[in-house]
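# missing the sequence, but the structure's below:
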């Protein structure tokens, strides 16, 4: 099986994409063409092997995304013909897919609650966040009809109308965890941003510094976090090496006093299990986490760490000092966490299911959908021309706010809007479920299906008032 894997948002050595999914495909004997913002020094031939080919594209960052999307579109078009599957990891890549008749089945790996995550994106102006969220929800509805989806969290299932397999963020669990070392340190592994507790971890480092306990933060940081971290590192409060590949970062966790997960109470985090918590448990390191539901359930249920209030660096410091002063407690929590990870949080079993699911989809001759979109979405959404003020009825609601994005998604995902037909129901949302759409006699209030939402009636028929919008009259 030949699989094209593509990301333009994530780091090319992302733990889920590269170290788990791509590695699982390669271990199963499949070939992978990886389209990503790769750096040759991170992917030398010794590391990649003969079954993995790399295609470099720019990285999408902040508002600078158009160039990366265009480059990904070109790369996907070149490699789709020879592939059995396309596996994409970013919602932006829905705009870069080749035409449906020129591509194999497509899988979108849904990493996060994208609409909820918009509230934490500083590059997106606040007034644009609601319409952007509408566009994201529309994209998700469209995608699940025409693509295969896999979900990173069980909590994402409720967002979708159809069932989709869940591929959780489990990890590799060593047979025996490393013993606690003599270095008094706490660690954090993952992306660094204010909503992930950067300020709290800097304050924690300041509180622990008099006790000789070091704080190590491992991972890339956004611009706001860098502005906080660089002065703290210059002052000697903490160590921040930046991004470290997952297979090198995990050994640095071994033996630590505690692993930190001080994420804020954000909508995007409430239904997710922080992967870092699973990784700390797998390495036999006690967890200090905020009370996000999934993380708190693991820490309390397995008695493998402490749960501290949101934004409370002092409570986190007290937890670390308790572990530093009680080596027996530290060892017990580490063993409990490792045992729980061995039982139910190991990646190898999930890897086998992941590969089997992809192999099953690769045998299909066409992607998941190929079915007409029903009344759950306004047909006008998928018309490239979009909505205009005098071409939509009041019931069309927020559809016009995301019409341009939906038009691009329509072309990318492969929806084909039927041409207008006299004597059928009009194409706006309420009329999509009328008697005419069901093949029954046409309602007298809707005489024509325009190509985009409510609109003028056909010039070949005398018009009546459309039930979905303002009256419009023409003569035959």
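That came in fine, so what should we check first? Quick caveat, the model's predicted, so the values are computed rather than measured. Numbers count the residues shown, from 1 in each chain.
# so for this protein, which residue is the most central one in space?
In the chain, the C-alpha closest to the average C-alpha coordinate belongs to residue 111, at a distance of 2.6 Å (C-alpha atoms, centre = their mean).
# how near is that one to residue 52?
Taking C-beta to C-beta, to the nearest Å as the criterion, residue 111 is separated from residue 52 by 21 Å. Where you see a C-beta, it was placed from the backbone N, CA and C, and this is true even at glycine.
# what do you get for residue 215?
According to C-beta to C-beta, residue 215 and residue 52 sit 36 Å apart.
# compare those two (neighbour count), which wins?
residue 215 (23 against 20; other C-beta atoms under 10 Å).
# A strand includes that one, no?
Yes - Residue 215: assigned to a strand according to DSSP: H, G, I helix; E, B strand; the rest coil.
# for residue 288, see how far away it is.
Noted for residue 215: a distance of 11 Å to residue 288, by C-beta to C-beta.
# anything in contact with each of these two?
With contacts defined as C-beta atoms under 8 Å, 6 or more residues apart in numbering, the residues adjacent to both residue 215 and residue 288 are 186, 260.
# just the pLDDT for the residue nearest to residue 357 when sequence neighbours are not counted.
Setting aside the residues directly before and after it, residue 357 is nearest to residue 165 in space (C-beta to C-beta, 6 or more residues apart in numbering), at 5.6 Å. Among the per-residue scores, residue 165 shows a pLDDT of 93.
# same question, residue 117
According to the per-residue confidence, residue 117 scores 68 in pLDDT.
# measure stretch 266-282 end to end?
Across its full length, stretch 266-282 reaches 25 Å between end residues, using C-alpha to C-alpha, to the nearest Å.
# wait, isn't residue 324 in contact with residue 213?
Yes - counting by C-beta atoms under 8 Å, residue 213 is a contact partner of residue 324 at 6.3 Å.
# look at those two and report which has more neighbours.
Between residue 324 and residue 213, counted using other C-beta under 10 Å, the more crowded position is residue 213 (21 against 18).
# what count of nearby residues applies to the residue nearest to that one when sequence neighbours are not counted?
Closest residue to residue 213 in three dimensions, ignoring its sequence neighbours and counting by C-beta to C-beta, 6+ apart: residue 184, at 4.6 Å. Counted by other C-beta under 10 Å, the residues lying close to residue 184 total 16.
# and if you look at residue 327?
By other C-beta under 10 Å, the residues close to residue 327 number 11.
# secondary structure class for the closest residue to it other than its chain neighbours?
In this structure, residue 327 finds its nearest non-sequential neighbour in residue 180, 6.9 Å apart by C-beta to C-beta, 6+ apart. Reducing the assignment to helix, strand or coil with three-state DSSP, the entry for residue 180 is coil.
# pretty sure residue 180 sits against residue 331.
Yes - with contacts defined as C-beta under 8 Å, residue 180 counts as touching residue 331 at a distance of 6.5 Å.
# my guess is the residue nearest to the centre of the chain meets residue 14, correct?
No - under the criterion of C-beta under 8 Å, residue 111 makes no contact with residue 14, lying 9.1 Å away.
# mutual contacts of the two, please.
With C-beta under 8 Å, 6+ apart, residue 111 and residue 14 have common neighbours residue 89.
# so where is this protein shaky, pLDDT-wise?
In the predicted model, the chain carries pLDDT under 70 at residues 40-49, 114-120, 122-124, 365-476.
# that one - how does it break down into domains?
As assigned by automatic domain parsing, the chain contains the domains 2-170+351-362, 185-344, 375-476.
# part of a helix, is residue 32?
No - counting by three-state DSSP, residue 32 falls outside a helix, being strand.
# got the contact list for it?
Residue 32 neighbours (C-beta under 8 Å, 6+ apart): 2-5, 22, 25-26, 51-53.
# could you do residue 238 as well?
Residues touching residue 238, when contacts are defined by C-beta under 8 Å, 6+ apart, comprise 201-202, 205, 214-217, 229, 232.
# which residues of the stretch 251-400 of the chain fall in strands?
For the stretch 251-400 of the chain, the strands defined by DSSP state E, counting those that start in this stretch occupy 258-261, 287-289, 305-307.
# just checking, next helix/strand downstream of the helix or strand hosting residue 73?
When elements are assigned from DSSP states H and E, residue 73 belongs to helix 66-80. Sequence-wise, the next helix or strand downstream of helix 66-80 (DSSP H and E) is strand 85-88.
# can you give me the strands in the stretch 101-250 of the chain?
Listed in chain order (using DSSP E, counting those that start in this stretch), the strands of the stretch 101-250 of the chain are 106-110, 148-151, 185-189, 214-218, 239-242.
# mind checking those for the one nearest to residue 133?
Nearest of the strands of the stretch 101-250 of the chain to residue 133, taken as C-beta to C-beta: strand 106-110 at 15.3 Å.
# neighbouring strands - and their directions - for the closest one?
For strand 106-110, the pairing partners within the sheet under DSSP bridges are strand 85-88 (parallel), strand 148-151 (parallel).
# pull the distance from it to the chain's centre.
Computed by C-alpha atoms, centre = their mean, to the nearest Å, the separation of strand 106-110 from the middle of its chain amounts to 9 Å.
# so that strand versus helix 66-80, what angle?
Inter-element angle recorded for strand 106-110 and helix 66-80: 140 degrees (by axes from the mean of the first three to the mean of the last three C-alpha atoms, to 10 degrees).
# what is the burial count for residue 181?
In terms of burial, residue 181 registers 11 neighbours under the definition other C-beta under 10 Å.
# any idea how far residue 283 is from it?
12 Å.
# now swap in residue 142 and tell me
40 Å.
# the more surrounded of these two?
Here residue 142 and residue 283 are set side by side on neighbour count (other C-beta under 10 Å), and the busier one is residue 283, at 27 against 23.
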